[in-house]
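Peer 1: Sequence unavailable; structure follows:
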């Protein structure tokens, strides 16, 4: 049976790899037209990357169709469109189209042009507000699609932070904040519930993920946003995750 997955996601970031630095008004990426589509985006032309953008088909070996991403520097709108059939492997997660600041552990370049200098030591972390507005046309999602919208953060040891390109491993922590999901639960098991930024969240943890790192996910509990905006303090989630991590992250 040929199942088709079609979804369109529109993100508006109101506050806040090794890829070419791009400062064009509109930046376009596409898979499979590029083997690993990514770009470091310079919004104001000062020679510093402000965002990193990746199609990130990390778990997808083959598929019919395409994934495209388009970022407009003038409006700060990121649009991702996925139209895929016969995806292999037929598993829960095939990719994670994303826009990010700072640096993912595997990448070598920082996107620090917005004035936040990563890496930031956890013990020095101050409140950081992020506002994300997004639209999801749920009626056009295939009923069995596995889909979520989430923010992701890497809390790594100094040896990983100081060596760009070094992958995370045992002793490093990935944190995710899920604000919308369809037919998906995080990896691991539920380990608690918390009230953060005025909302109720379930806390899930998996102890050995890629390379042996630990994973903690916060998922909305009793609420979801299909069409709207959410604002929360990153520092609150990091501090709460420290309660559930099985190792001390204060020096990460």
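Peer 2: Thanks, I have it. Source: prediction; values computed, not measured. Numbers count the residues shown, from 1 in each chain.

Peer 1: and the residue nearest to residue 218 when sequence neighbours are not counted, bridged to which residues?
Peer 2: Distances taken as CB to CB, 6 or more residues apart in numbering put residue 201 closest to residue 218, at 4.3 Å, once the chain neighbours are dropped. (Each C-beta comes from the backbone N, C-alpha and C, glycine too.) Bridge pairing for residue 201 (DSSP bridges) gives the partners residue 194, residue 220.

Peer 1: Helices of the chain, start to end?
Peer 2: With DSSP state H as the criterion, the chain has helices at 158-161, 234-244.

Peer 1: for the first one, packing partners?
Peer 2: Counting contacts by 3 or more CB pairs under 8 Å, 6 or more residues apart in numbering; DSSP states H and E, there are no secondary-structure elements packed against helix 158-161.

Peer 1: try 10 Å this time
Peer 2: strand 147-155 (3 or more CB pairs under 10 Å, 6 or more residues apart in numbering; DSSP states H and E).

Peer 1: quick one: strands adjacent to the strand it packs on?
Peer 2: strand 173-182 (antiparallel).

Peer 1: hang on, the earlier thing: any idea which of the helices of the chain gets closest to residue 169?
Peer 2: helix 158-161 (7.9 Å; CB to CB).

Peer 1: picking that back up, show me the contacts for the residue nearest to residue 218.
Peer 2: 177-179, 192-195, 217-223, 232, 237, 240 (CB atoms under 10 Å, 6 or more residues apart in numbering).

Peer 1: Now which of the residues you listed would you call buried?
Peer 2: Among the contacts of residue 201, those classed as buried by neighbour count (16 or more other CB atoms under 10 Å) are 177-179, 194, 217-220, 232, 237, 240.
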